[in-house]
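1. need coordinates for the following:
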Amino acid sequence: AKPEEVLIVEDENGDIVRETTKDTDVIAQYKTMRDTLVYLTHLNCDDTENIMLVKLTEQVDGSKWSWNNLNTLCWAIGSISGAMSEDEEKRFLVTVIKDLLGLCEQKRGKDNKAVIASNIMYVVGQYPRFLKAHWKFLKTVVNKLFEFMHEVHPGVQDMACDTFLKIATKCKRKFVTLQAEEEAPFICELVDQLPTIISDLEPHQVQAFYEAVGCMLSDKGPAVMIDRSSLLAKLMEMPNRTWKTIMDQANKNVESLIDPNAIKEIIKILKTNNRVCNSVGSLFTNQLQTFFLDILNVYKVYSERISAAVAQQGARATQMSLVRTMRSAKKEVLRLLITFIDRSGPPEAAPQAVAQGFIPPVLDPILGDYQRNIAGARDPEVLTLFTTVITKLKNHVLNDVPRIMEAVFECTLQMITTNFEDYPEHRIRFFEFLKAINQFCFPALFNIPPEHQKLVVDSVVWAMKHTERNISDTGLDILHDLVINVTKTPSVAQGFYQQFMLSLIQDVFAVMTDRLHKSGFRMHATILRMMFHIVQSNQVTVPLFDPATAPPGQTNQVFLRDHISNLLLTSFPNLTRSQVQQFVEGMFDIKMDLPTYKTHLRDFLIQLKEFSVEDNSGLFRDETEKEAKEREQALFAQRSAVPGMLKPSEVVDEDL
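-> Here you go, the predicted structure:
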C-alpha cells in the first residue's frame, strides 16, 4: 500500500497525476504492511534483502517492468528503514540507489520518469542514517533533487521540495561543515546557485526550499565554522531585492503599494521570510532588521486604506477583493512577527534586546489600528502576537501590558460576549492572551483600572461557562492560575477575596452542576478544593459576609458552610439536609487530597436526580485519559524497542 509521503499516483485512466486527497484506508493498510515487513526483516534479514534485490533487477532489466511493480517494491524498501544493521543497510542501499538512478537515465517518457523520480525521492527520504554516513551519496541525491525541481510533471516538484526539506532537517550538519574532498561546505555552493535551482518552482515550493536552507543554517554546533549571518544575507538576496524595488516605488508614489500585484508580491516575500525565520531561529534578527520599519509602514498604509474603505462603505467593505488582499498582507506581517518573537532567544535576539528594540515600534501601528477598527476588520492574529510577546518576553514587557490591555481588552470583550458563536477565532485567542498575562505578567493585572480588573474576572467566569470545551477549559486554567497568583501576592489578596471569592465559588458550583461541563470536572474539583481550603485555613482575614446583617461572632468558615448548604438545598430540592451537610463538611476537609476530593464531589453529583439519568462518563474523563495515555506510552515503548518500527521522522537525533 502507498505511504502518505508519496504524492504521485496512477488515476483511473492510467495517467500519472498528483494525488489530491489522502486515502485513510490505504494509509492504515500501509502501516500494517510496514510493521509486517519490519518483523520479517528481523526474522531473516538476508532473505528479505535478496527478495527485494531480485525484484529490483527485474525492474532494471525490464522483464517485469511496470509502474505498480516498481512502486510497491520501493514502498517496501522505504518501509524497512532502521530494521537492518548499518553495514547491511549500506550494502543494500548502495545497490538500490545506483539501480534506481540508472533506471531514471535509461527509461524514456515523462510518466515513466515521474514514477521513478517519486520512488527515488521516497526511498532516500526514508534513510537519513545512511545519507549522514555517506556524504558522496548524500550530495548525489541532493543534486538529483535539484534536477527534479525543474521537472514540471504534476507532483514531482512538490515531492522534490518535501524530500529536500526532510533531508535538510535530518542531515543539516553535513551541509554546513566541510566534507572530505570539498573546497567549502555545500551550503556555500547551494546559496550561490539558488536562483538557478528554484527558477521553475511555484511560490509555495520556493518557500519550502527556503525553509530547508534556513534549517541548515540553524545548526550552530561547535563543528560549524561558516559565517551564518552572511550566508543568511546571501540566501535572502532575491526576496530582499524584490522588496527594495517595491519600497523604492512606494517612496515615489505610495499608491503603488495598493496595486493588487504589488500586494501579492509582498505577501509572497513575507511568507518566505516567515518560513526562514521559523527554521533558522534567532539568527533571523539580522534579516528582520533590514526591513522591520518597512513592514510596519506597509501595515500602517494598508490599515489606513481599509479603515477609509470601511468609513465610506460600512462593514460590507471588508468583503471587497482589494480590502481582503490588503488584510492578507497585514496578517502576513503579524504572522512573521509572531514567528520571530516565538523563535527569538540568545545570543542574537535576547529577550531584553527584543523587548527594547522591536516591541515599542510595534505598539502604535498595530494596537492603535486594532482598537480603532470596526469588529469585522480586527485581525485575531493581533491577539496571538501579544500572547506570544508576553509568553516569550515575560517581565521584560511588564510595563507595556497595561497599554496592550487598554487597546485590546474591552473592544474584544464586546465582540465575543454578545453570544457564544460570533468571532470564534478572536474568542479562543482572547482567552489565551488573558492566560498568558496571568501566567507571566500577573502584577500587570493590578496595574489596570479597578473596573477593568472586575472585567477580567467576569470574562474568566464567562469563559468557563462557555459550551466550547477548549474555551471553558482555558477559562478554568486562568481561574486556577489567578487564585494561586493572588494567594502569593498579599498586597492584593484580601481585596480580591472580599470582592470575588464568594461569587467565584458559586460560579464554579454552577458550571459543575449544569451537566454541560462534565469534561472540566477535574479542574472544578481542583479550584473548589483550593478555595475552600483557603477559607478553612484562615487565609481570608476580611469578612466574606456583610458584617451589618451577620450574627455576632460570625466567621467566614461558618458563613460559607451555611451559604453553600442553603444554595444546594434551594437548587436541588430532592436532597436532604443531612446529605448536604455531610457533603459540605467534606468540602472543608483540609486533609483530603485531590483524588479523594474528586471522589467526594463525584459521589455527590451522581446522587442528584438531574445526573442520575445521564451518561456521567465525562466525570471520569481524567482517569480515562490517563489510562489511554499510559496505553499509548506502553505501545510507543514497545515499538521503540524494535529497530525500524519507528519512522525516521519519529526518531530523535541525539547528534543535532
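2. contact partners for Tyr30?
-> Shown in contact with Tyr30 (CB atoms under 8 Å, 6 or more residues apart in numbering): Ala1, Lys2, Pro3, Glu4, Trp75, Ser79. For the C-beta atoms, the positions are set from N, CA and C on the backbone; glycine is no exception.
3. now it: how far from His42?
-> Per CB to CB, to the nearest Å, Tyr30 is found 19 Å from His42.
4. still on that earlier bit, what is the nearest of the contacts of Tyr30 to Asp259?
-> Distance to Asp259 across the contacts of Tyr30 (CB to CB) is lowest for Glu4, with 40.1 Å.
5. isn't there a strand covering that closest one?
-> No - assigned with DSSP: H, G, I helix; E, B strand; the rest coil, Glu4 falls outside any strand and is coil.
6. just checking, it touches Lys22?
-> Yes - the pair Glu4 / Lys22 is scored as a contact, 6.1 Å apart, by CB atoms under 8 Å.
7. neighbour count: the two, which is higher?
-> Higher neighbour count among Glu4 and Lys22: Glu4, with 13 against 9, using other CB atoms under 10 Å.
8. can you tell me which residues contact the more buried one?
-> Lys22, Ile27, Tyr30.
9. nearest to Glu58 among those residues?
-> Tyr30 (22.6 Å).
10. the helix or strand where the closest one lies: which residues count as buried?
-> Tyr30 is located in helix 24-43, with elements delineated by DSSP states H and E. Neighbour-count burial for helix 24-43, counted by 16 or more other CB atoms under 10 Å, picks out Tyr30, Met33, Arg34, Leu37, Val38, Leu40, Thr41, His42.
11. pLDDT added to those residues, as TSV?
-> Below are the buried residues of helix 24-43 laid out as TSV (pLDDT from 0 to 100):
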residue	pLDDT
Tyr30	91
Met33	95
Arg34	94
Leu37	96
Val38	96
Leu40	96
Thr41	96
His42	96
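12. looking at these, which one is closest to Asn261?
-> Asn261 lies nearest to Tyr30 out of those, by CB to CB, at 43.0 Å.
13. that closest one and Arg639, how far apart?
-> Tyr30 is 16 Å from Arg639, by CB to CB.
14. this structure: strands as residue ranges?
-> Taking DSSP state E, the strands of the chain run over residues 8-10, 16-18.
15. what's the closest of the ones you listed to Glu49?
-> Of the strands of the chain, nearest to Glu49 by CB to CB is strand 8-10, at 26.1 Å.
16. list the buried ones in the closest one?
-> Under 16+ other CB under 10 Å, the buried positions of strand 8-10 are Ile8, Val9.
17. so, low pLDDT: which residues of the protein?
-> 20, 612-614, 654-656 (pLDDT under 70).
18. output the longest helix belonging to it.
-> Longest helix in the chain, counting residues (DSSP state H): helix 285-313.
19. quick one: list the elements packing against that helix.
-> helix 228-235, helix 237-252, helix 260-280, helix 321-343, helix 359-362, helix 369-372 (3 or more CB pairs under 8 Å, 6 or more residues apart in numbering; DSSP states H and E).
20. now it, how far from the chain's geometric center?
-> When distances are taken as CA atoms, centre = their mean, to the nearest Å, helix 285-313 is centred 26 Å away from the chain's centroid.
21. same question, stretch 137-146
-> 31 Å.
22. and stretch 332-343, by the same measure?
-> The chain centroid and the centroid of stretch 332-343 are separated by 13 Å under CA atoms, centre = their mean.
23. alpha carbons only: can I get it in PDB?
-> Extracted in PDB, the C-alpha atoms of stretch 332-343 (Å, rounded to 0.1, in the frame of the first residue of the first chain):
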ATOM      1  CA  GLU A 332       1.300  38.000   7.000                       C
ATOM      2  CA  VAL A 333       3.100  40.900   8.700                       C
ATOM      3  CA  LEU A 334       1.600  39.800  12.000                       C
ATOM      4  CA  ARG A 335       2.400  36.100  11.400                       C
ATOM      5  CA  LEU A 336       6.100  37.000  10.700                       C
ATOM      6  CA  LEU A 337       6.300  39.000  13.900                       C
ATOM      7  CA  ILE A 338       4.700  36.100  15.800                       C
ATOM      8  CA  THR A 339       7.200  33.600  14.400                       C
ATOM      9  CA  PHE A 340      10.100  36.000  15.100                       C
ATOM     10  CA  ILE A 341       9.100  36.600  18.800                       C
ATOM     11  CA  ASP A 342       8.400  32.900  19.300                       C
ATOM     12  CA  ARG A 343      11.800  31.800  17.800                       C
END
